[in-house]
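K.L.:
Dropping a prediction and its sequence here:
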2 protein chains.
Amino acid sequence: MKTLLLHARTFARIAPRLKGLNAALNIVTVDDAQRFHDAWTSRALDGPPQVDLAFGNIDAFYSPSVREFMTAILKSPDFDWFQSAAAGIENPALVAIGQKSKRYTTNHTQAESMAEWAIWQAMDFFRAGPGHRANQAIGKWERIRVREMQGSGWLIVGYGSIGQAVGKRVSALGGTVTGVRRTPGPAEGAARIVPPDALMAQLPGADVVLLCPPHTPETEGMANAAFFAAMNESALFLNLGRGALVNEDALMAALDAGRPAFAALDVTRTEPLPAESPLWKHHKLVITPHDSSDTPGTITRGDETFLANLRHYLDNEPMKHLVDRAAFAAG
Amino acid sequence: MKTLLLHARTFARIAPRLKGLNAALNIVTVDDAQRFHDAWTSRALDGPPQVDLAFGNIDAFYSPSVREFMTAILKSPDFDWFQSAAAGIENPALVAIGQKSKRYTTNHTQAESMAEWAIWQAMDFFRAGPGHRANQAIGKWERIRVREMQGSGWLIVGYGSIGQAVGKRVSALGGTVTGVRRTPGPAEGAARIVPPDALMAQLPGADVVLLCPPHTPETEGMANAAFFAAMNESALFLNLGRGALVNEDALMAALDAGRPAFAALDVTRTEPLPAESPLWKHHKLVITPHDSSDTPGTITRGDETFLANLRHYLDNEPMKHLVDRAAFAAG
């Protein structure tokens, strides 16, 4: 019988869905106070159990017990399957688990919430959110001529699950989307797909440029001075990918020089971003603390992905979003 | 031959589209300096001309020459057709024109931009815009669990052109829309249509309540203490209709009492809103200066509506959005 490790809060939420699996599965939990329990009996365990399966989500990775959660996985002799709640696999903790686990599956439903972040930032930019708020602060009734999402042109760099979730929303709101990726189109939500070597030629025509490609040696620092200089001076730059995609000094210099017009970053090179970073104070820059995926909907959809893959696992059927083990090979 | 009055800026924009109509139409313009000209020859006119047709848009009504524009229409002996760029007809200036003009047509394409205002405000509320900005101001990296547009429930009071433009966008983003109006459904963008007497029963279940009905004796002050008390404590209240739909003191008291959670108003009872109004300073209230329709797109779509109706007028075909003259009868 396999042993599954869940955060206690995750178990509490999905326990009704796990009841039918008693015969096939032993379940243990870790709570925020570093305590392990047998899930169904609530019996306390003496220290970290040996586990075969685990579900690593916000509950686990943003818990004070994240170290205990990780250690239980990495010290188990025969760890078989890890379900991540995230799409990315390049975080060092995830790489360590990926190297340990026989099977590793990702989850792409965070994209829904992340896409809403992009719509939020674009609407606030197009509708002159900062200007309207400055006027409200001084009680000034002054009409501002603003721009429309309808008819806007988007360049989405990295047209995977996140890019597509954004593209579908932008298209539904009347915008036009060009997606940049290696795999040719068509792709849902995009009017067209262009290859990465066409990126620079596409930059001048875009009202919004969104980065969400994987972080690789090719994409490291891709948003540099030349990239920003090629953007339209009225355009918005968004980053939902990784902080390392952006040369932050080049971004601030570009904003100061007036091209692009504005930027919003959900990710930064150093996270948490130190309070003294000049990024916080730049008046043409919105910073959010890598929380674009942090919604109840993300948690619910992550649970559903895990439960569906757990059923596939127990039934020896193919699991969704299985990652090739070579992806975790030591670089 | 009929004489058409346009603002000079409007003429400059659409002149290429008017060239074919030389034989059928005399065109005069008024500019921001109160001067009238023959449009094609630029010959200055001695004072206000007699006119038969006019197009009243943002150029004309937000011009320093709005009085001259109005007077030319109201003093002409035989005024035949007025094209408004607006959907509403209850503004006193529009009522005066409506009583004077043999034919009066409205325009409903401002709804597109106004609908984007509603999406903007809802996204900023769901994504905790104020909380994120407060944290950025002090350089505080703290994740905030936010809500999603996807799965949200909207109650749109007044499901005409504006309501429907909002409903289509909300549905496309994964929300569910209930429209309130007299005419039964179905209607595009709405999961269901309910009659006005069902409004109070629908309020508790909505995440967002948007007002955009016409201003009538029945809707005057409809958003009062009882209305707000029936809303969900986590809900957002939006007004895109008229300021007079809302009891503003009741709204501030309701926000202070914690129900609804937040509100945004593009219209207020007194416009311009005086700098000393407490509405500006309320920390759970966003005020925008009745500019939700002020986009280049609105102007372009208004031009298109006018040009299409002008062709219908000259060809003696039925015009779009012709208003029943009884609507302007002295109350």
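P.N.:
Great, that's in hand.

K.L.:
care to break chain A down by domain?
P.N.:
For chain A, automatic domain parsing gives the domain ranges A:2-108+A:295-328, A:111-287.

K.L.:
for the record, mean pLDDT for the longest one?
P.N.:
Domain A:111-287 comes out with an average pLDDT of 97.

K.L.:
what distance separates the start and the end of that domain?
P.N.:
Domain A:111-287 has an end-to-end distance of 19 Å (C-alpha to C-alpha, to the nearest Å).

K.L.:
can you give me the offset of that domain from its chain's centre?
P.N.:
15 Å (C-alpha atoms, centre = their mean, to the nearest Å).

K.L.:
quick one: is stretch A:52-59 near chain B?
P.N.:
No: contact of stretch A:52-59 with chain B (C-beta under 8 Å from any C-beta of the partner chain) is absent, the minimum separation being 9.0 Å. The C-beta positions use only the backbone N, C-alpha and C, and glycine is treated the same way.

K.L.:
about what we covered before: among the domains of chain A, which comes closest to B:Cys212?
P.N.:
domain A:111-287 (17.3 Å; C-beta to C-beta).

K.L.:
if we can go back for a sec, determine which stretch of the domains of chain A is the most buried.
P.N.:
Highest mean neighbour count of those: domain A:111-287, a mean of 19 (counted as mean count of other C-beta atoms under 10 Å in any protein chain shown).

K.L.:
ok so, going back, okay if I get the domains of chain A as JSON lines plus distance to B:Asp294?
P.N.:
Below are the domains of chain A laid out as JSON lines (distance: least, C-beta to C-beta, whole Å):
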{"stretch": "domain A:2-108+A:295-328", "distance to B:Asp294": "32"}
{"stretch": "domain A:111-287", "distance to B:Asp294": "5"}
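
K.L.:
right, and these - which one's nearest B:His215?
P.N.:
Of the domains of chain A, nearest to B:His215 by C-beta to C-beta is domain A:111-287, at 19.8 Å.

K.L.:
distance of the nearest residue to A:Ala329 once chain neighbours are set aside from A:Pro213?
P.N.:
In space, and not counting its chain neighbours, A:Ala329 is closest to A:Gln99: 7.9 Å by C-beta to C-beta, 6 or more residues apart in numbering or on different chains. When C-beta to C-beta, to the nearest Å is the yardstick, A:Gln99 and A:Pro213 sit 23 Å from each other.

K.L.:
My guess is A:Ala254 contacts A:Phe228. True?
P.N.:
Yes: with contact defined as C-beta atoms under 8 Å, A:Ala254 counts as touching A:Phe228 (3.5 Å).

K.L.:
what sits in contact with each of these two?
P.N.:
Common neighbours of A:Ala254 and A:Phe228 (criterion: C-beta atoms under 8 Å, 6 or more residues apart in numbering or on different chains): A:Pro260.

K.L.:
before we move on, the earlier item: which one, of the domains of chain A, ends up nearest to B:Thr10?
P.N.:
domain A:111-287 (15.4 Å).

K.L.:
hmm, back to that, check which helix or strand covers the residue nearest to A:Ala329.
P.N.:
Applying DSSP states H and E as the criterion places A:Gln99 in helix A:92-100.

K.L.:
swap in A:Ser171?
P.N.:
helix A:161-172.

K.L.:
angle of that helix against helix B:161-172?
P.N.:
160 degrees (axes from the mean of the first three to the mean of the last three C-alpha atoms, to 10 degrees).

K.L.:
Extract the C-alpha trace of helix A:161-172 and format it as CSV.
P.N.:
C-alpha atoms of helix A:161-172 as CSV (Å, rounded to 0.1, in the frame of the first residue of the first chain):
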residue,chain,number,x,y,z
SER,A,161,-0.9,27.6,-20.8
ILE,A,162,-0.5,31.1,-19.3
GLY,A,163,-0.1,32.8,-22.7
GLN,A,164,-3.1,31.1,-24.0
ALA,A,165,-5.2,31.8,-21.0
VAL,A,166,-4.4,35.5,-21.4
GLY,A,167,-4.9,35.3,-25.2
LYS,A,168,-8.4,33.9,-24.9
ARG,A,169,-9.5,36.7,-22.6
VAL,A,170,-7.9,39.4,-24.6
SER,A,171,-9.5,38.1,-27.8
ALA,A,172,-12.9,37.8,-26.0
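
K.L.:
helices or strands next to it in the packing?
P.N.:
Counting contacts by 3 or more C-beta pairs under 8 Å, 6 or more residues apart in numbering or on different chains; DSSP states H and E, helix A:161-172 packs against helix A:110-126, strand A:153-157, strand A:176-180, helix B:161-172.

K.L.:
Quick one, which of these gets closest to A:Gly205.
P.N.:
That would be strand A:153-157 among the helices and strands packed on helix A:161-172, by C-beta to C-beta, at 6.1 Å.

K.L.:
do the closest one and chain B meet?
P.N.:
No: judged by C-beta under 8 Å from any C-beta, strand A:153-157 stays clear of chain B, getting no closer than 13.7 Å.

K.L.:
got the angle between that strand and strand A:176-180?
P.N.:
20 degrees.

K.L.:
What lies in contact with strand A:153-157?
P.N.:
A:163, A:166-167, A:170, A:175-180, A:190, A:199, A:202-203, A:205-213, A:222.

K.L.:
same check, this time on stretch A:187-206
P.N.:
A:153-157, A:159, A:164-171, A:176-186, A:209, A:218, A:226-227, A:230-232, A:235.

K.L.:
That one: end-to-end distance?
P.N.:
Termini of stretch A:187-206 sit 19 Å apart (C-alpha to C-alpha).

K.L.:
Likewise for stretch A:29-39?
P.N.:
From start residue to end residue, stretch A:29-39 stretches across 6 Å - C-alpha to C-alpha.

K.L.:
and what of stretch A:209-217?
P.N.:
Span of stretch A:209-217 from end to end, C-alpha to C-alpha: 20 Å.

K.L.:
Do any residues in it lie close to chain B?
P.N.:
No: shown here: stretch A:209-217 not in contact with chain B (C-beta under 8 Å from any C-beta), separated by at least 15.5 Å.

K.L.:
And the contacts of that stretch?
P.N.:
Taking C-beta under 8 Å, 6+ apart as the rule, stretch A:209-217 contacts A:88, A:90, A:114, A:118, A:154-158, A:160, A:162-163, A:166, A:180-181, A:203, A:219, A:222-223, A:231, A:235-242, A:244-246, A:260.

K.L.:
switch the cut-off to 7 Å
P.N.:
Contact with stretch A:209-217 is made by A:90, A:118, A:154-158, A:162-163, A:166, A:203, A:219, A:223, A:231, A:235, A:237-242, A:244-245, as judged by C-beta atoms under 7 Å, 6 or more residues apart in numbering or on different chains.

K.L.:
now swap in stretch A:112-124 and tell me
P.N.:
A:149, A:162, A:165-166, A:169, A:208, A:210, A:236, A:238, A:240, A:264, A:266, A:286, A:292-293, A:295, A:297-298, A:301, B:116, B:119-120, B:123-124, B:127, B:148-150.

K.L.:
ok, now stretch A:79-95?
P.N.:
Taking C-beta under 7 Å, 6+ apart as the rule, stretch A:79-95 contacts A:2, A:51-58, A:70, A:73, A:97-98, A:100-108, A:110-111, A:161, A:215, A:302, A:306, A:309, A:313, A:323, A:327-328.

K.L.:
In helices only, show me these.
P.N.:
Judged by DSSP state H, helices contain the following of those: A:58, A:70, A:73, A:97-98, A:100, A:110-111, A:161, A:302, A:306, A:309, A:313.
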